[in-house]
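K.L.:
pasted the sequence and its predicted model underneath.
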Amino acid sequence: MREAYFYCCVRCKLRFPALEKRDFCPSCGEKLQLRAKRPLELDNYERTIRRIQPPCVAVLENIRSAWNVGSMLRTGEAAGFSHFFLCGITPTPQNPKVIKTALGAERVLSWSYVPDALQEIQSLKKRDFFLLALETEGSLLWHPGLSLPEKPLAIIVGNELCGVDPEVLELCDLTIRLPMRGAKCSLNVSVAFGVIALWLSTLRK
């Protein structure tokens, strides 16, 4: 069982955790006091993975940031998604930055690279997937009570600056946006995806 150690510096009062035992403060170099420690739950790759049914897949359309891609892979795996389609300029798990934020999810989650997201969306449409786009403009305001049909579902998230390709949006069955109380009109794409992914996980078996 791995442990986390919680330290406090006797001089500068910096309080921080570490995954290994330490003697001296990383800020001022003074001696540390160990204030607490706790066991950490570890990933269990032998555990039976429960995928959402009917299945949910994600289409990441021209996501720029490898960090965001890794974060969405990690969230999607935890939420029970079946597959990720990484499209256009979206980095794949061959990129070390994706691996850094996916934290092992890329090893147990099915994914494929597709140059043209529109072609994949057309294919999913023919396979009777319900196509749900996450956007900021001209879309339905999401709320937890929103109902969806009991059929395979694909959630489409687009480029951080430009959004989802208009031709892709035309094929979607529903486009939703998250409610914003502040001045910003949107969340980080991986955060927004996380909200909807975990909501879908609670809606389905």
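P.N.:
Thanks, I have it.

K.L.:
how close does residue 16 sit to residue 169?
P.N.:
Between residue 16 and residue 169 the computed distance is 45 Å (Cβ to Cβ, to the nearest Å). (C-beta placed from N, C-alpha, C; glycine too.)

K.L.:
cool, residue 44 as well?
P.N.:
As judged by Cβ to Cβ, residue 44 and residue 169 stand 39 Å apart.

K.L.:
can you pick out the residue with more neighbours from those two?
P.N.:
The neighbour comparison of residue 44 against residue 169 (other Cβ atoms under 10 Å) goes to residue 169, with 18 against 8.

K.L.:
tell me which element the more buried one is part of?
P.N.:
Assigned by DSSP states H and E, residue 169 falls within helix 166-171.

K.L.:
what sits against residue 173?
P.N.:
The contact partners of residue 173, by Cβ atoms under 8 Å, 6 or more residues apart in numbering, come to 130, 131, 132.

K.L.:
which of those has the most neighbours?
P.N.:
Tallying neighbours with other Cβ under 10 Å puts residue 132 at the head of the contacts of residue 173, with 22 neighbours.

K.L.:
roughly how far is the helix or strand in which that residue is found from the heart of the chain?
P.N.:
If you go by DSSP H and E, residue 132 is part of strand 130-134. Relative to its parent chain, strand 130-134 has a centroid offset of 16 Å by Cα atoms, centre = their mean, to the nearest Å.

K.L.:
and if you look at stretch 151-169?
P.N.:
Relative to its parent chain, stretch 151-169 has a centroid offset of 15 Å by Cα atoms, centre = their mean.

K.L.:
residues in contact with the residue nearest the centre of the chain?
P.N.:
Centroid check for the chain by Cα atoms, centre = their mean gives residue 72 as the closest residue, at 2.1 Å. The neighbours of residue 72, taking Cβ under 8 Å, 6+ apart as the test, are 58, 60, 63, 84, 157, 189, 190, 193, 194, 197.
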